[in-house]
Structure formats: C-alpha cells, structure tokens
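Q: just a sequence and a predicted model for now, questions to come.
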Amino acid sequence: MPAIAAPAARRPRLSTTVLALGALVLGVALGAAASVTGSAALRSVVRGVEPIGALWVNAIRMTLVPLVVSLLVTSVASVADVRAVGRLGARAVGWFLVLLTGSAVFAALAGPPLFERLVIDPQAASALRSAAAGGEVAREAAAELPTLRGFVVGLVPTNPIRAAADGAMLPLIVFTLCFAAAATRLAAPLRETLVGFFRAASQAMLVVVGWILRVTPLGVFALAADMGLQLGVGAAGAVGYYVVVLSGMVAAATLALYPVAALFGRTSMRRFARAAAPAQMVAVSTRSSLASLPALIEGARRSYGDRPGITGFVLPLAVSTFKMNTPIADLAGPLFLAHLYGMELSAMEVITMTAVSVAMSFSNPGIPSGGLFVVTAPVMLSVGMPLEGIGILIAADAIPDVFNTVINVTADQAVATILAPDAAEAAPEVGLADLPAAGAPAGARADAAIVPERG
C-alpha cells in the first residue's frame, strides 16, 4: 500500500505589523534615494504612488465619526452596567480616570520639549506641510476660538451634525457622551434596542477598518516614500527618535506606578513588584493585555489573597476598558508629527488633545493599531492636524507596542493593589468566559481595548 504523503506545512503568514514596518523602510529608502540622487525616474515613481497614500488616509477619515460615536455609546452603556454593581465599581472607574489623567498630563508636559530636540530641516517641514492637503484649512478652523473662554464655550456644539461634518471631535465627543448617559436612563427595552443598534454599527465599522488595515502596507509605503523624498536620509532618524522617545516616556510612567501603588495600596513596592511581574512577562511575550489576565489574577491572589471583588471584577474590568498607555502614546504621536510638519501647537491645542485622548481612551477597539484609528486620529483632528502622518505611526508601532502592554498590565495591577485592602467583601466572581470578546488576532496592538459584546 503506497505511503500517504503528509500534507505540506503551511508557511506562516507575515503579520500586517511586520509588512507595514517593511513598507516603511522601503518607502523611506525609495524617497530618500530619489531625494539624494535627484533621479527623475525615482521621483516619478514616488509621485506615482502618492495617490495611494491619499486614498488610504481618506478611507481612515471615512470611518472616524461613525466608529467613534458608536464605540463611545456602547462603552458608556457598558460602564453604566458595571457601576451598578456598587461602590467597588465606582472606585475602580475613579482610579482609572485619575491614572489616565496623570499619564496625559505627563505626556503633555514631557512630550513637547523632548520632540523639540529633534532637528528637522525647515524647508523639508514646509514641503511636508504643504503636501498635506487640507491640513492648513482644518487647522485654521480648529483655531478659531483659541482663548480659554472660546475653548469652554466650544465644548457644547450648537449642531452636532455640523460638528461631525467639520471634524470637530471634542464637541462631538461631548454630545455623544451626553447622549449615551441619557440612554442609560431609558426603560430597559428601549435602552437595549438603542445600544444594540450602536453595537451593530460599531461592529460593522470595525469590519470596514479591518479592510483598511489589510492594505496598510500599501498606504504606509506611499506615505513613507513621500516623506523620504521631502526629508531625505533624515527621515529614518526622525522615526527612530520618535520610537525611542515614546518608549522612554511609557517606561518612565510605568516606573511611576510602583510608588503610587505602594502609597495608596498601603503595601511595599517589592510586594507590588511581585504581584505585577507574572503579567509583565506575559505582556512582553504576547503584547496582549487580555492574554495577561490569568497572570494578573494569579499575581493578585499570591500577594493579596483570594478576593473575589479584585480577581473576579476589578481585573477583568481593567483589562477590558483601562489602557493607561493611551494618553501617552496618542499624544506623543501627534506631538511628533506636529514637529515633523513644522507646526507650532499652542498651549490650548495641547490641552484640547489631552482632553480628547482621555475621553477616547475607553473606546480603543480590539483590532491591530485600533487606538491609532479611534484615539490618535480624533486627537489630531481636534487641532486640525493632517492625518497623512498616521501611517508612519502605525508602521513604527511594533517596538513601543511592548512597552504599551507592560504599562497597561502594570496599571491594572496597581488599581487592584489600591483597592485590595477594602475589597474583602465585594462584587461576585466573574468568570473569564464572561469577559467581552477580544476580537483581535495574535499580534494585535497591545493597548487595544476590548469592544464589549453584551450590554
């Protein structure tokens, strides 16, 4: 009887992140070669692929408003359900907000002086800025009310539909949050219908975003080639500087969590370090907060005992909704791009970006680089920055991704540590099967929050 041949082993497919990183390198190399050599043929190639980058950016713009609105509505409804379990839920959400605000303030203060040290040729920055079609127009529109009074008054839109059409993200977010909060006061049947509609809308938009992400390498290649043409060999150094600065900022914020957890958790930094270490090791290897949940629970049990309110409620809630890296990463990116494009951001514009990053941090979708779509893009639009540079941030996301996951799981354990002393009698145990579905493939962006699957 003839031997049956074993099926050929399937070759592993490269992840979109790896392909995007390769596209970034090739695009920058092509653009830099065209810039250095002055070759008309290479320049024509760069100009020929430039429309691909423009189309990709337009596709991102197309998804922003419906995706942001639908995710915010479902996220607020989910938080409202969680708060119903009592005092522990309210305290957990309160600490999430405190730590998010602290990380945002740190990024807003540390980011600008760090990126000012990056030397960019003024003529190259001017060329990049003029190539970003519509960037200046949007920026002028965003700067119409530069005063503190104008900022406060502008938070409430007179016409939310117009705010959406104009890309005024912060007023739109304020309206959406008010709408979502009002929805929680509806009768159960009406609320379930409304939340179900927005959940379906968010899932449909995430499918569209998934399609866009599949062609990310093409968009990144086109955008990187144009940047390489404008900046020459300095483009690679600029991207490398951004990676180092962002990773350093996230690492510094991670270290700051140790004394915070020890002080407010009434414990020692050594004990907190032992509790956080298992999840940190999983985070480095998987780049997934959700995958680190069993290690978070085990670390908490070993350090603080079996407290159902912490292991069954606070930690599952934290990995699903709380991403401390978001304000840092999604402020650092726009600050870098502003410097790259030669844009001077005012203090009010930095405050606006800070507020948007905190408000949007609970709505990261569980997709690769989802935070760059749902958080970074609205942050950029809130001050009128062009979105053309977002492809560069996506391609450069691989290394900071590890640091992002580590700070997220460390912050999750920090909140658990702070709440542990008062959590002897707390919310009922929640099994891992009750967690919202991740919906993200292996290698997804580490800080991707989980889109709730139930109301």
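A: On my side now, so go ahead.
Q: any regions of the stretch 301-450 of the chain where pLDDT drops low?
A: 312, 320, 362-375, 388, 391, 395, 398, 423-450 (pLDDT under 70).
Q: the same query, at a cut-off of 90, please.
A: Within the stretch 301-450 of the chain, the segments meeting pLDDT under 90 span 301-327, 329-405, 419-450.
Q: return the distance of V314 relative to P259.
A: From V314 over to P259 the distance is 20 Å, taken as Cβ to Cβ, to the nearest Å. Yep, even glycine has a C-beta here, placed from its N, CA and C like the rest.
Q: tell me which of the two has more neighbours.
A: Neighbours per residue (other Cβ atoms under 10 Å) separate V314 from P259, with V314 holding more: 31 against 11.
Q: so that one is in contact with V93, correct?
A: No: using Cβ atoms under 8 Å, V314 is not in contact with V93; the gap is 10.2 Å.
Q: let me see the contact set for T101.
A: Contacts for T101 (Cβ atoms under 8 Å, 6 or more residues apart in numbering) come out as 327, 358.
Q: change it to 10 Å
A: 327, 354-355, 358, 361 (Cβ atoms under 10 Å, 6 or more residues apart in numbering).
Q: any idea how far the closest residue to A262 other than its chain neighbours lies from A347?
A: The shortest distance from A262 to any non-neighbouring residue, by Cβ to Cβ, 6 or more residues apart in numbering, is to M269 (4.5 Å). Counting by Cβ to Cβ, the gap between M269 and A347 amounts to 35 Å.
Q: the two: which is more packed in?
A: Between M269 and A347, counting by other Cβ under 10 Å, M269 is the more crowded of the two (15 against 11).
Q: T410 is in contact with the more buried one, correct?
A: No: with contact defined as Cβ atoms under 10 Å, M269 does not reach T410; the gap is 12.0 Å.
Q: okay, and the common contacts of those two?
A: Counting by Cβ under 10 Å, 6+ apart, the residues touching both M269 and T410 are 257-258, 261.
Q: which element is L206 on?
A: Using DSSP states H and E, L206 maps to helix 188-214.
Q: doesn't S292 make contact with I407?
A: No: I407 lies out of contact with S292 (Cβ under 10 Å); the separation is 11.8 Å.
Q: quick one: which helix or strand includes the residue nearest to M324 when sequence neighbours are not counted?
A: Excluding its sequence neighbours, the residue lying closest to M324 (Cβ to Cβ, 6+ apart) is A411, at 3.8 Å. A411 belongs to helix 398-419 when assigned by DSSP H and E.
Q: also L55?
A: With DSSP H and E as criterion, L55 is part of helix 40-83.
Q: that helix: what's the following helix or strand?
A: Following helix 40-83 in sequence, per DSSP H and E, is helix 87-116.
Q: may I see the buried residues of that next one?
A: Under the neighbour-count criterion of 16 or more other Cβ atoms under 10 Å, helix 87-116 has 88-89, 91-93, 95-96, 99-100, 102-104, 106-108, 110-112, 114-115 buried.
Q: now do stretch 25-36
A: Of the residues in stretch 25-36, 25-35 count as buried by neighbour count, 16+ other Cβ under 10 Å.
Q: quick check, nearest of these to T74?
A: G27 (36.0 Å; Cβ to Cβ).
Q: circling back to that earlier point, which neighbours do V314 and V93 share?
A: 322, 415.
Q: and Y304, what does it touch?
A: Y304 neighbours (Cβ under 10 Å, 6+ apart): 265, 267, 271, 275, 310-311, 416-417, 419-421, 423-424.
Q: now those as a markdown table including distance to V239 and neighbour count?
A: Shown next, in a markdown table, are the contacts of Y304 (distance: Cβ to Cβ, whole Å; neighbours: other Cβ atoms under 10 Å):
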| residue | distance to V239 | neighbour count |
| --- | --- | --- |
| G265 | 38 | 23 |
| T267 | 40 | 18 |
| R271 | 40 | 16 |
| A275 | 36 | 26 |
| I310 | 40 | 28 |
| T311 | 41 | 25 |
| A416 | 36 | 31 |
| T417 | 36 | 26 |
| L419 | 40 | 22 |
| A420 | 41 | 25 |
| P421 | 45 | 13 |
| A423 | 44 | 22 |
| A424 | 50 | 12 |
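Q: now, among the residues you listed, which is nearest to D226?
A: Among those, A416 lies closest to D226 (Cβ to Cβ), at 45.9 Å.
Q: surely the closest one and R91 touch.
A: No: counting by Cβ under 10 Å, A416 stays clear of R91, with 11.4 Å between them.
Q: for the strand or helix carrying L263, packing partners?
A: L263 belongs to helix 234-264 when assigned by DSSP H and E. The contact analysis (3 or more Cβ pairs under 10 Å, 6 or more residues apart in numbering; DSSP states H and E) places helix 234-264 against helix 16-37, helix 87-116, helix 122-131, helix 216-231, helix 269-286, helix 325-340, helix 390-395, helix 398-419.
Q: of the ones you listed, which is nearest T193?
A: Here helix 87-116 is closest among the helices and strands packed on helix 234-264 (Cβ to Cβ), at 24.6 Å.
Q: nearest to A187, of the helices and strands packed on helix 234-264?
A: Nearest to A187, of all the helices and strands packed on helix 234-264, is helix 87-116, at 22.3 Å by Cβ to Cβ.
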